[in-house]
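Q: below is the sequence, then the predicted model.
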Amino acid sequence: MIDTSNLYNAVIIGSGPAGYTAGIYLGRAGFKPLLLTGSLLPGGELTETTLVENYPGFPEGIQGPELMDNMKAQAEKFDVQMETEDAESVEDGDGFKIVHTHSGDIRTKTVVVATGSAHRKLDIPGEKEYAGLGVSYCATCDGFFFRNKRIAVIGGGDSALTDALFLTRFSDSVFLVHRRDVFRSRGVLPQRVKEDPKIKIEFNSIPVEVLGDGKKVTGLKLKDKVSGEERELAIDAIFVDIGSVPQTDFLGSYLELDPAGYILTKGASSLTSRAGVFAAGDCCDPVYRQAVSAAGSGCKAAIDAQRYLLN
């Protein structure tokens, strides 16, 4: 139960790899932080992931939910108090911060924001049903599983083009599906994609349904944006790469954000535009968005918060 009369040393908002790691470091240092896991998806997006093979220390891989359960247990071992609450807003008090929640206002000396980001979804039939069964949102994480398979990448920005090129390491049949007739990306990427013999570009194509046999993805139904005709591609894997949304709306104008909503930090630190408020994980990382980099930034935020508290 949240003690609204208490002045906490630190409140961590978010419970993915960044939030749990910040909790482990602050808890082990004796600061007894309060961690708000959120009510919708405690543990973050890794709880919806199957096998994780690129997190150090697990040579045989580990299931996403198990990895997050391990992090949670480790944080609890170091006296991290956890509540399934959502932060509704944050503001400055008289010498402290106030985190507003449905259950009341929390007073704290420091705040670590580790709310992550959410992948933009296609919102088409079959996408949710086959998530983790051929539908993926991370080429770096899951590309290896589809060696010598037929792969579709959905998107037309820098990230989608980069992922399409990356996936040619595993497949000779990569279909890049883009709803427009030109790429949004600038520079050398479009030319490299067009010249790669392993990539076939599907311009003016809108995904309308993910097809499967009940166990895995078998195809993708596309609609031609110009003619309106529909066709099916035989596909084993679909990588959705249409951007991500940082979960920072609750902050309003409290912190300085970039145009896409990611929290701006100072240099290589976790320091934000507000003294005593630190950011970690995907909510301040529009580039890497990996579990291991999020955990590392959670460590940085905890150390920065410790220094702030001690000084």
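A: Yes, it's here.

Q: other SSEs contacting the lowest-mean-pLDDT helix or strand in the chain?
A: Across the helices and strands of the chain, mean confidence by mean pLDDT, DSSP states H and E is lowest for strand 51-52: a mean of 81. Judged by 3 or more CB pairs under 8 Å, 6 or more residues apart in numbering; DSSP states H and E, strand 51-52 is in contact with strand 62-63, helix 64-77. Quick note: C-beta positions are derived from backbone N, CA and C, even for glycine.

Q: could I get those as CSV with mean pLDDT and distance to E127?
A: Compiled in CSV, the helices and strands packed on strand 51-52 are given as follows (pLDDT from 0 to 100; distance: least, CB to CB, whole Å):
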stretch, mean pLDDT, distance to E127
strand 62-63, 90, 21
helix 64-77, 95, 18
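
Q: how about the strands in the stretch 51-200 of the chain?
A: 51-52, 62-63, 81-83, 87-92, 97-101, 104-113, 117-119, 135-136, 150-154, 173-177, 199-202 (DSSP state E, counting those that start in this stretch).

Q: contact partners of the first one?
A: Outside strand 51-52, the residues that touch it by CB atoms under 8 Å, 6 or more residues apart in numbering are L46, F58, G61, I62, Q63, G64, L67, C141, F145, A291.

Q: next: the last one.
A: Residues from elsewhere that reach strand 199-202 (CB under 8 Å, 6+ apart): 164-165, 168, 173-178, 193-194, 222, 233.

Q: please redo it, this time with the cut-off set to 6 Å
A: A164, V174, F175, L176, V177, V193 (CB atoms under 6 Å, 6 or more residues apart in numbering).

Q: for the residue nearest the centre of the chain, what are its contacts?
A: In the chain, the C-alpha closest to the average C-alpha coordinate belongs to S117, at a distance of 4.3 Å (CA atoms, centre = their mean). Taking CB under 6 Å, 6+ apart, we find S117 in contact with S244, V245, P246, D282.

Q: is the last one in a helix, a strand, or coil?
A: Which is D282. helix (DSSP: H, G, I helix; E, B strand; the rest coil).

Q: now for the contacts of strand 199-202: which two are most distant?
A: For those, with distances taken as CB to CB, the pair at the greatest spread is V177 and V193 (12.3 Å).

Q: what segments of the stretch 201-311 of the chain are strands?
A: 205-212, 217-224, 230-234, 237-240, 244-246, 277-279.

Q: residues in contact with the last one?
A: Under the contact criterion CB under 6 Å, 6+ apart, strand 277-279 has outside partners V111, V112, V113, I263, T265, S270, T272, A301, D304, A305.

Q: quick check: mean pLDDT of stretch 213-229?
A: Taken as a whole, stretch 213-229 has a mean pLDDT of 96.

Q: also stretch 101-111?
A: 96.

Q: need the winner for burial among the helices and strands packed on strand 51-52.
A: Stretch with highest mean neighbour count among these: helix 64-77 (a mean of 18; mean count of other CB atoms under 10 Å).

Q: who are the packing partners of it?
A: helix 17-28 (3 or more CB pairs under 6 Å, 6 or more residues apart in numbering; DSSP states H and E).

Q: restrict the helix it packs on to CA atoms and write it as PDB.
A: Provided in PDB are the C-alpha atoms of helix 17-28 (Å, rounded to 0.1, in the frame of the first residue of the first chain):
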ATOM      1  CA  PRO A  17      14.300  -3.800 -17.600                       C
ATOM      2  CA  ALA A  18      15.200  -0.100 -17.000                       C
ATOM      3  CA  GLY A  19      12.800   0.300 -14.000                       C
ATOM      4  CA  TYR A  20      13.700  -3.000 -12.400                       C
ATOM      5  CA  THR A  21      17.400  -2.300 -12.800                       C
ATOM      6  CA  ALA A  22      17.100   1.100 -11.300                       C
ATOM      7  CA  GLY A  23      15.200  -0.400  -8.400                       C
ATOM      8  CA  ILE A  24      17.800  -3.100  -7.800                       C
ATOM      9  CA  TYR A  25      20.600  -0.500  -7.700                       C
ATOM     10  CA  LEU A  26      18.700   2.000  -5.500                       C
ATOM     11  CA  GLY A  27      17.400  -0.800  -3.200                       C
ATOM     12  CA  ARG A  28      20.800  -2.400  -2.800                       C
END
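
Q: how near is N54 to G156?
A: From N54 across to G156, the span is 26 Å (CB to CB, to the nearest Å).

Q: quick one, which of those two is more surrounded?
A: G156 (24 against 14; other CB atoms under 10 Å).

Q: select, out of the strands of the stretch 51-200 of the chain, the one closest to N6.
A: strand 104-113 (7.2 Å).

Q: other residues contacting the closest one?
A: 4, 7-13, 22, 96-99, 276-279, 301, 305, 308.

Q: what pairs with that strand, parallel or antiparallel?
A: Within its sheet, strand 104-113 is paired with strand 7-13 (parallel), strand 97-101 (antiparallel), strand 277-279 (parallel), according to DSSP bridges.
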